[in-house]
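# From the sequence below, what's the structure:
(2 chains)
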Amino acid sequence: MNRPATRPPNHEVSTQMTDSVSATDQAPQPVDANAPVDLPNRIDVRDLDIYYGDFKAVEGVSMTINPRSVTALIGPSGCGKSTFLRSLNRMHEVIKGAYVDGDVIINGRNLYGPGVDPVAVRRKVGMVFQRPNPFPTMSIADNVLAGKKLNSKRMSKTEASDLVEKSLQGANLWNEVKDRLDKPGSGLSGGQQQRLCIARAIAVEPDVLLMDEPCSALDPISTLAIEELMLELKDTYNIVIVTHNMQQAARVSDRTGFFNIAGTGEPGRLIEMDATEKMFSNPVQQETQDYVTGRFG
Amino acid sequence: MSIVETPLPDLDHDETTDGSMTSGSLAGAPMMGIFAGAVVLGALSWLPFGGVNWARWVIVTLLAYIIGTLIISRIVESPRQATDRFATAIMTSAFLLVLLPLVSVVWTVVERGANRFDWAFYTETMRGVIGEGGGGYHAIVGTLIVTSLTAVFAIPFGLFTAIYLVEYAHGSRFSKTVTGLVDVMTGIPSIVAGLFAYALFVLIDGPGHRSGLAGAVALTLLMTPVVIRTSEEMLRLVPNELREASYALGVPRWKTIVKVVLPTAIAGILTGIVLATARVIGETAPLLVTIGITADLNKNPLSGRMATLPVFSYNSYKFPTLPPEASIDRAWTAALTLVLIVMILSATARILSFILKPKGLR
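Numbers count the residues shown, from 1 in each chain, chains lettered A, B, ... in the order given. Sure thing, here's the model as predicted:
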């Protein structure tokens, strides 16, 4: 998909969208934040059940994830939010016996339609993991280029170094590593490694960026760096983040979804989804209220 | 400016009371003393029998050292220290006992192999040699050819099986069967592998078949399970997060294995392969039945007998020509050569694993 070709017609709408989001920051306007935005890369999930073999991990999730925003998924451990996140780029299928029932539609295409190649899906929907996982055999530059190179794209030297610089700039890491691009990525600090992983993910130019607790292994300063990065990246990518840190969800996200389970062995469900301010101040469901105020979970 | 001096508590004043946190110590010189005493006691043990008995000396010394440490430490130090020193003494003794035969073997091989450790041994064959002279050149070439062939067969079989087991099988019933069979194969007596290969080639070529290829097939049966096992372990050590990171970039599985998993594990896999090679290079029995022995150089592994170092050594020792010393010296030098080759292989494995280990993990 060619991004520049599809963007211009929506340009006006998108400026309005950004405006309305920043307006939301001052005066809550939950109705605006919830309205499905007609922009490319919107994700529509319809009645999604996720199974691991006979075990139903997630049940009946329907939601719209608006582009150009950060969507946070919160909930207690084991409630299926990570599983749900991984189902958005078919990464949960890495576990044997995993399958879904339902639709995930991005840009009018069902990720689970017949004949859809999971590998192609993952090139459109990138992912950043809980623990920084740069490839230990590769240099910093090669880590950034990994997605392109491993997909056997032939690149000229200038193209490659341009992409490295662009991606590292995008991940706010360029200034820290520009003098040691040929050094191994595993020599960086944890926070730098995580930003390297983000650079690696955005180097393949995905439409959506999924983040599975990206800051839970990092110190507060590195966390701040990643959170600032998310706010910058949301202008370009549709970002979905799973987090256990409710302050983080409140700080970075525009909308928040709350997952919960009835008990062990029961499937996780989406309890409520709304504008982040509403979720943390005046949620509709009592369960959500209990969770965000720390009364359980 | 004055500093108010508070008297330091007298730390030693209650040394003898029950609440004491101090005790005597045997660290350093006293332990040396106990060991020296044990050595002397060991030396005294062979006096009544007249004459030096090394084995008795070593055993009595170690026993005296273990028991002496236990008793003296219990008296001077504390029961906990005594247990600690006792355990340390037992483990050190076990290590020394294991080291003993190793040092002895290396020493014997070097000492006896030195007699014919000359240029002629490495350049001449046994063709037309009766008595003194001659060498093991033909056996060295034979061993290198047979072992290389074995490696060429065993490495792909072993590596691909390991990749299948770790990356594709996901603990299916079939993979469990394969793992079980590999375990059984690891335990096959080498002579059985030799007889199997011989029987196989007799079926193809008729009775009395002898060739380097048959020997390589026998050794492949012994080497493949070792390669599978070590490669499997190494591949399992690659963190799943790296595979997931690669999948999440839209990299297909086969490419993830080739470009991410294998490079990460390559140091360990190569070390395993080299050590497996070192393991089969000294096999004698299977080569005796499949290749036999010859006095002449045969570079063609497809037909005819070939000399190999282990069989050459065995044959020279078992059926010496006159004078027997010449044959026996050649046997020891062949053994020494084999030990040297294994040492070179091990050193190569270490160097390779250092060079190829993922950067940043060194």
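
# which SS class is the most centrally placed residue in chain A?
The residue lying closest to the centre of chain A (C-alpha atoms, centre = their mean) is A:Leu210, at 2.2 Å. State at A:Leu210, reduced to three classes by DSSP: H, G, I helix; E, B strand; the rest coil: strand.

# Now do it against B:Ser172, distance only.
Computed with C-beta to C-beta, to the nearest Å, the distance linking A:Leu210 and B:Ser172 is 30 Å. Every C-beta, even on glycine, is put in place using the N, C-alpha and C of the backbone.

# swap in B:Leu203?
For B:Leu203 relative to B:Ser172 (C-beta to C-beta), the value is 33 Å.

# Tell me which helix or strand comes right after the lengthiest helix in chain B.
The residue-count maximum for a helix in chain B (DSSP state H) belongs to helix B:79-113. Note on helix B:79-113: by DSSP states H and E, the next helix or strand toward the C-terminus is helix B:119-123.

# Now do that next one, average pLDDT.
In this model, helix B:119-123 carries a mean pLDDT of 89.

# next one: phi and psi at A:Ile241?
Backbone torsions of A:Ile241, given as degrees, to the nearest 10, read phi -130, psi 140.

# and it, what pLDDT?
If you check A:Ile241, the pLDDT there is 94.

# what's the answer for A:Ala5, then?
A:Ala5 is assigned 40 on the pLDDT scale.

# for the helix or strand bottoming out on mean pLDDT in chain B, packing partners?
Within chain B, no helix or strand scores below helix B:29-45, which has a mean of 83 by mean pLDDT, DSSP states H and E. For helix B:29-45, the packing partners by 3 or more C-beta pairs under 8 Å, 6 or more residues apart in numbering or on different chains; DSSP states H and E come out as helix B:54-76.

# Could you list the residues in contact with the helix it packs on?
Residues from elsewhere that reach helix B:54-76 (C-beta atoms under 8 Å, 6 or more residues apart in numbering or on different chains): B:23-26, B:30-31, B:34-35, B:37-39, B:41-43, B:45-46, B:49, B:81-82, B:85-86, B:89-90, B:93, B:96-97, B:100.

# ok, which residues in chain B are in contact with chain A?
B:170, B:239, B:241-252, B:255-256, B:259-260, B:263-264, B:358-361 (C-beta under 8 Å from any C-beta of the partner chain).

# at 7 Å instead, please
Listed as neighbours of chain A in chain B under the rule C-beta under 7 Å from any C-beta of the partner chain: B:170, B:241-242, B:244-252, B:255, B:259-260, B:263-264, B:358-361.

# ok, back up a step: tell me which element the nearest residue to the residue nearest to the centre of chain A once chain neighbours are set aside falls in.
Excluding its sequence neighbours, the residue lying closest to A:Leu210 (C-beta to C-beta, 6 or more residues apart in numbering or on different chains) is A:Met127, at 4.5 Å. For A:Met127, the element it lies in under DSSP H and E is strand A:125-128.

# and A:Leu270, bridged to which residues?
For A:Leu270, the beta-bridge partners are A:Phe259 (DSSP bridges).

# Next, count neighbours for it.
Number of residues near A:Leu270 (other C-beta atoms under 10 Å in any protein chain shown) recorded here: 23.

# Could you check the pLDDT of it?
Reported pLDDT for A:Leu270: 91.

# Settle this for me: it is touching A:Gly257, isn't it.
Yes. If you go by C-beta atoms under 7 Å, A:Leu270 and A:Gly257 touch, sitting 5.7 Å apart.

# Determine the residues that are contacts of both of these two.
Residues touching both A:Leu270 and A:Gly257 by C-beta atoms under 7 Å, 6 or more residues apart in numbering or on different chains: A:Met63.

# where exactly do the helices run in the stretch 51-200 of chain A?
All helices of the stretch 51-200 of chain A, identified by DSSP state H, counting those that start in this stretch, fall at A:81-87, A:118-124, A:140-150, A:157-170, A:174-177, A:190-203.

# same question but for chain B, I mixed them up
Remark: helices assigned in chain B by DSSP H are B:29-45, B:54-76, B:79-113, B:119-123, B:137-163, B:173-186, B:190-205, B:212-237, B:240-248, B:253-256, B:262-281, B:285-290, B:309-318, B:324-356.

# What angle do helix B:137-163 and the last one make with each other?
Same thing as helix B:324-356. On the basis of axes from the mean of the first three to the mean of the last three C-alpha atoms, to 10 degrees, helix B:324-356 is oriented at 40 degrees to helix B:137-163.

# Could you check helix B:324-356 and say which residues are buried?
Within helix B:324-356, the residues scored as buried using 16 or more other C-beta atoms under 10 Å in any protein chain shown are B:326-339, B:341-342, B:345, B:349, B:352-353, B:356.

# what helices or strands is it leaning on?
Using 3 or more C-beta pairs under 7 Å, 6 or more residues apart in numbering or on different chains; DSSP states H and E, the elements in contact with helix B:324-356 are helix B:79-113, helix B:262-281, helix B:309-318.

# of those, which approaches B:Glu124 most closely?
Closest approach to B:Glu124 among the helices and strands packed on helix B:324-356 is made by helix B:309-318 (12.8 Å; C-beta to C-beta).

# Contacts made by the closest one with the rest, please.
Taking C-beta under 7 Å, 6+ apart as the rule, helix B:309-318 contacts B:136, B:139-140, B:143, B:282-284, B:287-288, B:291, B:293, B:327-328, B:330-331, B:334-335, B:337-338.

# ok, now stretch B:339-356?
Residues contacting stretch B:339-356 (C-beta under 7 Å, 6+ apart): B:Val109, B:Ile266, B:Ala267, B:Gly268, B:Leu270, B:Thr271, B:Val274, B:Leu275, B:Thr277, B:Ala278, B:Ile281, B:Gly282.

# How much space separates the spatially closest residue to A:Asn110 that is not a sequence neighbour from A:Val61?
Closest residue to A:Asn110 in three dimensions, ignoring its sequence neighbours and counting by C-beta to C-beta, 6+ apart: A:Asp103, at 5.1 Å. According to C-beta to C-beta, A:Asp103 and A:Val61 sit 11 Å apart.

# Can you give me every residue that contacts the nearest residue to A:Lys234 once chain neighbours are set aside?
Leaving aside its sequence neighbours, A:Lys234 sits nearest to A:Val70 (C-beta to C-beta, 6+ apart; 5.1 Å). Contacts for A:Val70 were tallied using C-beta under 7 Å, 6+ apart; they are A:Met230, A:Lys234, A:Ile239, A:Ile241, A:Val252, A:Ser253, A:Asp254.

# Now do the fourth one against A:Leu224, distance only.
Using C-beta to C-beta, one obtains 15 Å as the distance from A:Ile241 to A:Leu224.

# For these two, indicate the residue with more neighbours.
More neighbours surround A:Ile241 than the other of A:Ile241 and A:Leu224, with 26 against 14 (other C-beta under 10 Å).

# Now do the more buried one against A:Lys81, distance only.
10 Å.

# Equivalent analysis for B:Pro324, please.
For B:Pro324, the distance to A:Lys81 equals 81 Å [C-beta to C-beta].

# interface residues of the stretch 151-297 of chain A facing chain B?
A:Asn151, A:Pro184, A:Ser186, A:Gly187, A:Arg200, A:Val204.
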